[in-house]
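Novice: I would like the atomic coordinates for the input below:
(one chain, ligands or ions: 1)
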Amino acid sequence: MKVFFKTYGCQMNIRDSEIMEELLVRSGHEIVRNLSSADVVVINTCAVRGKSENKAYSLIGRLKKRGLRVGVTGCVAEIALKDLKRRGADFVLGTRALTSIVDAIEGKVDFDMSDHLSDIKEIVTASNISGTYESVTMRTSKRHAWVNIIAGCNKFCTYCVVPYTRGREVSRPMANVIEEVKLLADSGYNQVTFLGQNVDSYGKDLKDETSLAELLRRVYKFENIERFWFLTSYPSDITDELIEVVAERPRISRNFHLPAQSGSNTILNRMNRQYTREEYIELIRKIRSKVEGATIGGDIIVGFPGESDEDFEQTLSLVKEVKYVRLNIAPYSPRQRTVASRLYSDDVPTAVKKKRMATLSKVQHAILLEMNEKLIGKSVNIIVEGKKDGKSYGRTIDNRMVFFEGDVPEGENVKVKIQHATAGPIYGELLGRVLKFVK
Ligand code: SF4
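Specialist: Okay, here's the model as predicted:
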């Protein structure tokens, strides 16, 4: 069968889609990149925000009108079974049932397959994190690989549905991760991003020497990997050991993505975030003092229940103080099953949320522009990740997006002289290719 995938949400979802595509190809099905040639469409959904959930619903409606068979996988499949059936989905696969995708596509099981776990052992998924992964065939990129190291989350932030859709933390054995990185290095990959809802929890459930810091130490021997990244971190779980490992190893990204979510201790407490504003700022001070050239990324939720003007001012001042190199700002939307949706009323009016988002974005844009302009005239090392609007682009090791004129294949290391900066991408002139950044 010809199968088209539409993926919403985070990098873990992108990786899940790659895994499902791989299983289908192994079973003789074809993955198509053009919707018009598909027999079946799989929508791999995200439930973190109401907006992405609604996008999936509206896509189901449009596809059903065209008479297509539609399957839904991912986080929405875990929380909205009845809704999905009512909207016409033909099958639903929860986050722990991805390995059943072949049976689902072939129509061998009932509509709801959330509990239908196949016994495929040689693949890593949220339900089978200790599986081994032995192929690179269906990875979207041939040079940059996403590698799952931990699934689920134990934090239970009051606004977040992830612990309900992805379950509790389960770490993947370090030996299997190292084996996969070796395979990737031998297959020509030069960037690896370790993934987890909370990568800093990696290994806690294994009760051995496994940790993110130890993993980075061990995989660093693969010299073909020019850059190691890790996503997403939980601020209070970042250890001194991890900071040290990053500081001492120039092929590990200098960017720490540390979602603050709010700058107000009152709101952090209501969100069940396990740190205070002061502790968060102290962590960033420590990272910056130890890791040369470190940059910080972050996420902020605006309009959490009970967020007063004063709370918002605290967030604004945090953003000014931290100076994020990337910042995702989202309005609060209540998510089913979460503590916040049960305990608190969504009492910040939409207009106030919008106004706060606009204020925050304006401040962040000014900060980013100033930070990016400091790069003008400097040369930076980037690994090319693709082409857009006729320009090649890639990221610096501190996670800034750089565009330049020139047709350079994905995965090549290049030096670019920065000429122009915006509050988003940075533009430069190609100086030349580089064999290895770090000798
Ligand atoms: S740390 Fe909080 S926001 Fe992040 S996945 Fe876990 S519960 Fe959700």
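Novice: Count the residues that sit near the residue of the stretch 1-150 of the chain found nearest the ligand.
Specialist: When you check the stretch 1-150 of the chain against the ligand by CB to the nearest ligand atom, the closest residue turns out to be residue 48, at 7.8 Å. Every residue, glycine included, has its C-beta placed from N, CA and C. Residue 48 sits with 19 neighbouring residues when counted by other CB atoms under 10 Å.
Novice: show me where the stretch 251-400 of the chain has strands.
Specialist: Secondary structure of the stretch 251-400 of the chain, counting by DSSP state E, counting those that start in this stretch: strands at 255-257, 295-302, 326-331, 379-388, 391-395.
Novice: Between these, which one is closest to residue 285.
Specialist: strand 295-302 (10.8 Å; CB to CB).
Novice: what does that closest one rub up against?
Specialist: Defining contact as CB atoms under 8 Å, 6 or more residues apart in numbering, one finds that strand 295-302 is touched by 159, 254-262, 271, 284, 287, 312, 315, 319, 322-332, 353, 356-357, 360, 398-400.
Novice: correct me, but residue 437 touches residue 379?
Specialist: No: taking CB atoms under 8 Å as the contact criterion, residue 437 and residue 379 are not neighbours in contact, 11.9 Å apart.
Novice: The two: which has the busier surroundings?
Specialist: In this comparison of residue 437 against residue 379, neighbours counted by other CB under 10 Å, the higher total goes to residue 437 at 17 against 13.
Novice: Neighbours of the nearest residue to that one once chain neighbours are set aside, how many?
Specialist: Counting by CB to CB, 6 or more residues apart in numbering, residue 381 is the residue found nearest to residue 437 once chain neighbours are left out, at 4.8 Å. For residue 381, the tally of surrounding residues (other CB under 10 Å) stands at 17.
Novice: just residue 317 next, same as before
Specialist: The burial count for residue 317: 14, using other CB under 10 Å.
Novice: what does the stretch 201-350 of the chain have sitting close to the ligand?
Specialist: On the criterion CB under 6 Å from any ligand atom, the ligand has as its neighbours in the stretch 201-350 of the chain the residues residue 234.
Novice: wait, residue 98 sits on residue 73?
Specialist: Yes: using CB under 8 Å as the test, residue 98 is close enough to residue 73 to be in contact (6.4 Å).
Novice: any shared contact partners between those two?
Specialist: With contacts defined as CB under 8 Å, 6+ apart, the residues shared by residue 98 and residue 73 are 16, 20.
Novice: Who are the contact partners of the closest residue to residue 160 other than its chain neighbours?
Specialist: By the measure of CB to CB, 6+ apart, the closest residue to residue 160 outside its immediate chain neighbours is residue 338, 6.4 Å from it. Residue 338 makes contact with 158-161, 164 under the criterion CB under 8 Å, 6+ apart.
Novice: export these to JSON lines and tack on pLDDT, secondary structure and neighbour count?
Specialist: Converted to JSON lines, those look like this (pLDDT from 0 to 100; DSSP: H, G, I helix; E, B strand; the rest coil; neighbours: other CB atoms under 10 Å):
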{"residue": "158", "pLDDT": "97", "secondary structure": "coil", "neighbour count": "19"}
{"residue": "159", "pLDDT": "96", "secondary structure": "coil", "neighbour count": "23"}
{"residue": "160", "pLDDT": "94", "secondary structure": "coil", "neighbour count": "23"}
{"residue": "161", "pLDDT": "89", "secondary structure": "coil", "neighbour count": "23"}
{"residue": "164", "pLDDT": "87", "secondary structure": "helix", "neighbour count": "17"}
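Novice: Take these and write them to CSV, including distance to residue 33.
Specialist: Compiled in CSV, the contacts of residue 338 are given as follows (distance: CB to CB, whole Å):
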residue, distance to residue 33
158, 39
159, 35
160, 32
161, 30
164, 32
